[in-house]
Structure formats: C-alpha cells, structure tokens
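*Asks:* sequence first, predicted coordinates after that:
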Amino acid sequence: MNPIYLNAAVLPLFATWFIPEAIRNRKTGEYLGFRNRTVAMHFILILCMESFFLIEKYGLNLDAGFRVLSISAMPFLGALVFVKYTQKELYGNEIKFTKWW
C-alpha cells in the first residue's frame, strides 16, 4: 500500500477520533492533557507506522527522522485544534489549558 494513501486515511482518524478521546474525559469533558498512557501509546503506534514506511523509502538518515517526527506530530496538533473548537458544544465547557502535558 502506498504510504500517502495510508496517511490520508489513518492520520485524520487519529486527529479527530482516537486522540481527542484520550485527551478529554468522556463523561465530564475535562481536559486531561497529552501526558497519559493512552496518548503515549497512540504516539508510539504512529511513530512506528511512519518509521516503517519512511525509513524504507528514504533510508536511515536525518531527513527520514525529521519527516517521521513531523508527520507523527501532525495528528496531535490537529487533535488539539479539533477539541478546542468543536467539543465545546458536545460537553458544554471550554478547555482550560492549565496542564499542557
């Protein structure tokens, strides 16, 4: 499978579903932050997937490492924006960024 198609399918799913579920409490809507086990597991999964495809394509070098880290960070930034602007209506409370990590 082409990694571009895989990224186009998987990364938006992480940004709009898996990571927002992990950074907010389902029942209360409280912002939990990115420093929990579920978010770490999502990051490791994305990092391994991107490493597999990009190191195979570009080899083991600094450019491939930068691409892996930047592509792996995109769904987390997207999830933060998604939660900030869409889930206020869902939970009725806005995120208070007291803890970033």
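*Replies:* Nice, I can see it. Numbering: from 1, shown residues only.
*Asks:* let me see the contact set for G65.
*Replies:* Under the criterion of C-beta atoms under 8 Å, 6 or more residues apart in numbering, G65 has no neighbours. Every C-beta, even on glycine, is put in place using the N, C-alpha and C of the backbone.
*Asks:* part of a helix, is K27?
*Replies:* No: counting by DSSP: H, G, I helix; E, B strand; the rest coil, K27 is not found in a helix; it is coil.
*Asks:* quick one: low-confidence ranges for this structure?
*Replies:* 1, 88-101 (pLDDT under 70).
*Asks:* what ranges do the helices span in the chain?
*Replies:* Secondary structure of the chain (DSSP state H): helices located at 3-13, 19-23, 37-58, 62-86, 88-91.
*Asks:* against Q87, how distant is V68?
*Replies:* In this view, V68 and Q87 are 29 Å apart by C-beta to C-beta, to the nearest Å.
*Asks:* to clarify, my last question referred to A15.
*Replies:* Distance from A15 to Q87, by C-beta to C-beta: 13 Å.
*Asks:* count the neighbours of V10 for me.
*Replies:* When neighbours are counted by other C-beta atoms under 10 Å, V10 registers 17.
*Asks:* likewise the one 4 residues further on?
*Replies:* Look at F14: counted by other C-beta under 10 Å, it has 21 neighbours.
*Asks:* how about the contacts made by the residue lying closest to it once chain neighbours are set aside?
*Replies:* In this structure, F14 finds its nearest non-sequential neighbour in P75, 4.1 Å apart by C-beta to C-beta, 6 or more residues apart in numbering. P75 sits next to L11, P12, F14, A15, I19, I46 when contact means C-beta under 8 Å, 6+ apart.
*Asks:* just name the most buried of the helices of the chain.
*Replies:* For those, the largest average neighbour count (mean count of other C-beta atoms under 10 Å) is found in helix 19-23, namely a mean of 20.
*Asks:* and the contacts of that helix?
*Replies:* For helix 19-23, contacts defined as C-beta under 8 Å, 6+ apart pick out 31-34, 36, 38-39, 42, 75-76, 79-80, 82-83, 87.
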